[in-house]
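>>> My questions concern the predicted model and sequence given below.
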Amino acid sequence: MGCARMKYDEGRDRSLRRRAIMTFPQKPKSILMVVRPDAPSASDAAITIARWLRDKHDVGVLFEKNTRRADLTRFGDFHEASDAPVVDLCVTLGGDGTVLHAASLFPDDAPLPPVLPFAAGSLGFLTPFSTNAFEDTLSRILGQSPGDETALHCTLHSRKRCRWELASSAGDGAAPPRVTNVLNEVAVMNVVGGSGMSIEVPRTPPIGDFAAAWRSGLASLFLHVDGQYVACMRGDGLLVATGTGSTAYALAAGGPCVSPSVPCTLVVPVSPHTLSCRPLVLPELATIRVEVGEGGGARAVLDGRHAVPLSTGDALVVEPTVHHLPVLTQRRHDGDWYGALTDKLGWSLT
């Protein structure tokens, strides 16, 4: 995690810890800026922040090569490769999708740099910081010393590792199961269409939610948890979501709002055929297997943007990753998340 240090607020079991205090005993040397591409105000703010970091604090600033503007030629390029430069901090300017995209730029299941999210999108459960106060916020990081009272709070957002078991290749020694190793599915739009549609296979797991959904008719999806058969869920589809993803597609499908510091996994049926088919809250460490029943023609959709075709007998296996995404927060514990229920979802408003 570069120059960042983390002190956990709670618990003895590291795999279940979600809240921490983050300090930077050493000043970050390299900061990656990830900017929402369709928001000119976000790009303008990114340039202002980047120049301030470079000129006043002598910090190296990187931008994604494919999103750089002509006036960013004096800053470095960041690329996904084994020889990519080390990043001590990732600064995002956008909404939740920008945070997810930033996580996808680090494709290995290894410690990720902490993310400092500035709001510049339409909806942001993960973006509590304002660009108007970027100097004060970043100064707390650049000027900290060990034990400083200005240490920042952090929430560790769980991720998922997805593996596809294809019945068509079973027993013939053909291609091994397709595996996603880290986060993704923010940058590419979900492909919707009939036969002959172009499908992009993701190589990183979702931080939010993903669905096994049918093109038409009812889906017959066999759910197994930790090797035990649970049910055949018939309906439009089935969602498996993290706590972070509970306020996205899973919420629209009738699932509960879950604090991101709660270590759990949600299984949410989409338009189930029976009223008794209800959302499930499962242990985060559970291994979930969803097998496609008779009828074929299903596909797995990751965060609404990537689609993987599935046929009868194919299965999607969902497991937790080892490392989580550390996102800096303004308030202690889940204060930002509770505030977003009012500010973003309009709770308690008359």
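Structure received.
>>> Going by C-alpha atoms from here, please, whenever you check contacts or count neighbours.
OK.
>>> Now Asp96: closest residue in space that isn't a chain neighbour?
Gly124 (5.1 Å; C-alpha to C-alpha, 6 or more residues apart in numbering).
>>> so who does that neighbour touch?
When contacts are counted by C-alpha atoms under 8 Å, 6 or more residues apart in numbering, Gly124 is found next to Gly95, Asp96, Ala340, Lys344.
>>> Which is the succeeding secondary structure element to the longest helix seen in the chain?
For the chain, the helix that runs over the most residues, judged by DSSP state H, is helix 40-57. Towards the C-terminus, the helix or strand next in line after helix 40-57, according to DSSP states H and E, is strand 60-64.
>>> Parallel or antiparallel, list what pairs with that next one.
When pairing is defined by DSSP bridges, strand 60-64 lines up against strand 30-35 (parallel), strand 76-78 (parallel).
>>> any idea which of those strands scores lowest on pLDDT?
By mean pLDDT, the lowest-scoring of those turns out to be strand 76-78, with a mean of 55.
>>> For whichever helix or strand comes after it, name the packing helices and strands.
Scanning the chain past strand 76-78 towards its C-terminal end, the next helix or strand to appear is strand 89-94 (assignment: DSSP H and E). With contacts defined as 3 or more C-alpha pairs under 8 Å, 6 or more residues apart in numbering; DSSP states H and E, the secondary structure elements packing on strand 89-94 are strand 30-35, helix 40-57, helix 96-104, strand 115-119.
>>> Please name whichever of the ones you listed is nearest to Leu89.
Put simply, out of the helices and strands packed on strand 89-94 the one that sits nearest Leu89 is strand 30-35, at 4.9 Å, with distance taken as C-alpha to C-alpha.
>>> ok so, going back, can you put the helices and strands packed on strand 89-94 in CSV and add distance to Glu319 and mean neighbour count?
Listed next are the helices and strands packed on strand 89-94 as CSV, based on distance: least, C-alpha to C-alpha, whole Å; neighbours: other C-alpha atoms under 10 Å:
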stretch, distance to Glu319, mean neighbour count
strand 30-35, 27, 24
helix 40-57, 35, 16
helix 96-104, 17, 24
strand 115-119, 23, 25
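>>> what's the closest non-adjacent residue to Thr342?
Spatial nearest neighbour of Thr342, excluding adjacent residues (C-alpha to C-alpha, 6+ apart): Ser348 at 6.4 Å.
>>> Quick one: mean pLDDT over stretch 137-156.
Here stretch 137-156 scores 74 as its mean pLDDT.
>>> Thr137 belongs to a strand?
No. Judged by DSSP: H, G, I helix; E, B strand; the rest coil, Thr137 forms no part of a strand; its state is helix.
>>> Give the buried residues for the lengthiest strand in the chain.
Selection of the longest strand in the chain by residue count, based on DSSP state E, yields strand 228-242. Taking 16 or more other C-alpha atoms under 10 Å as the basis for neighbour counts, the residues of strand 228-242 that come out buried are Cys232, Met233, Arg234, Gly235, Asp236, Gly237, Leu238, Leu239, Val240, Ala241, Thr242.
>>> where does the chain dip in pLDDT?
Counting by pLDDT under 70, the chain contains low-confidence ranges at 1-16, 65-85, 107, 109, 121, 144-150, 168-217, 295-297, 304-306, 349-350.
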